[in-house]
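Novice: Here you go, sequence then predicted model.
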Amino acid sequence: MRRLNLIAAFCVCSVALVAADSPFLGTWKLNPAKSKGAPGTLNKEAVVTFAADGDGIKRTVTGVDGDGQKLDMSATIPWDGKEHKVDGPNGAPPAMVAVKTVNPNTLNVTVKVNDKVVSSGRSVVSQDGKKMTAAFKGEDSKGRKFDNVEVYERQ
């Protein structure tokens, strides 16, 4: 489920109207020094790429999670506020992910597994478009509660 938190934090995954000019599109690299959260639940390294894909946004994540496990995930969903099924990484159960556009620079994300909310939060791109902050609360698959803020920089 730790990896499902990433699905939530960055499923910052819109209808074509929003996708065309979305400040989220592009490649973002985690800045661990500026990020904070519960030990073991923050990623050590992460690169997140968002790309318009039909009526949805494709989100690809690579890197290393807080437990030292390799991250390599990809999913495409619309940012329409509705729940969409996303396959879990590495044999984890599928998740239902809802991404709602609050304004052009802000998304609310909720992730459910087996009808239980496991992560929810907000991702915001700065007005200058150079920084993305993802703030999420939840519980990972090991039962560790988290209230994390991850800071990403545009590449």
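Specialist: Thanks, I have it.
Novice: Surely residue 146 and residue 121 touch.
Specialist: No - using C-beta atoms under 8 Å, residue 146 is not in contact with residue 121, being 10.0 Å away. All C-beta spots, glycine's among them, are computed from the backbone N, C-alpha and C.
Novice: ok, the two, which is more surrounded?
Specialist: residue 121 (23 against 20; other C-beta atoms under 10 Å).
Novice: anything in contact with each of residue 146 and residue 121?
Specialist: Counting by C-beta atoms under 8 Å, 6 or more residues apart in numbering, the contacts common to residue 146 and residue 121 are 136, 137, 138.
Novice: Using TSV, lay out these together with secondary structure.
Specialist: What follows is the shared contacts of residue 146 and residue 121, written out as TSV (DSSP: H, G, I helix; E, B strand; the rest coil):
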residue	secondary structure
136	strand
137	strand
138	strand
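Novice: Return the closest of these with respect to residue 112.
Specialist: residue 138 (10.4 Å; C-beta to C-beta).
Novice: who's that closest one bridged to?
Specialist: Under DSSP bridges, the beta-bridge partners of residue 138 are residue 119, residue 146.
Novice: can you tell me how far it sits from residue 37?
Specialist: Distance of residue 138 to residue 37, given as C-beta to C-beta, to the nearest Å: 11 Å.
Novice: Quick check: buried residues in stretch 105-114?
Specialist: Residues of stretch 105-114 classed as buried by neighbour count (16 or more other C-beta atoms under 10 Å): 105, 107, 108, 109, 110, 111, 112, 113.
Novice: whoops, stretch 136-152 was the one
Specialist: 136, 137, 138, 139, 140, 146, 148, 150, 151, 152.
Novice: Identify, from the residues you listed, the entry nearest to residue 129.
Specialist: Closest to residue 129 out of those is residue 152 (11.8 Å), distances taken as C-beta to C-beta.
Novice: how about the nearest residue to that closest one, chain neighbours excluded?
Specialist: residue 28 (3.8 Å; C-beta to C-beta, 6 or more residues apart in numbering).
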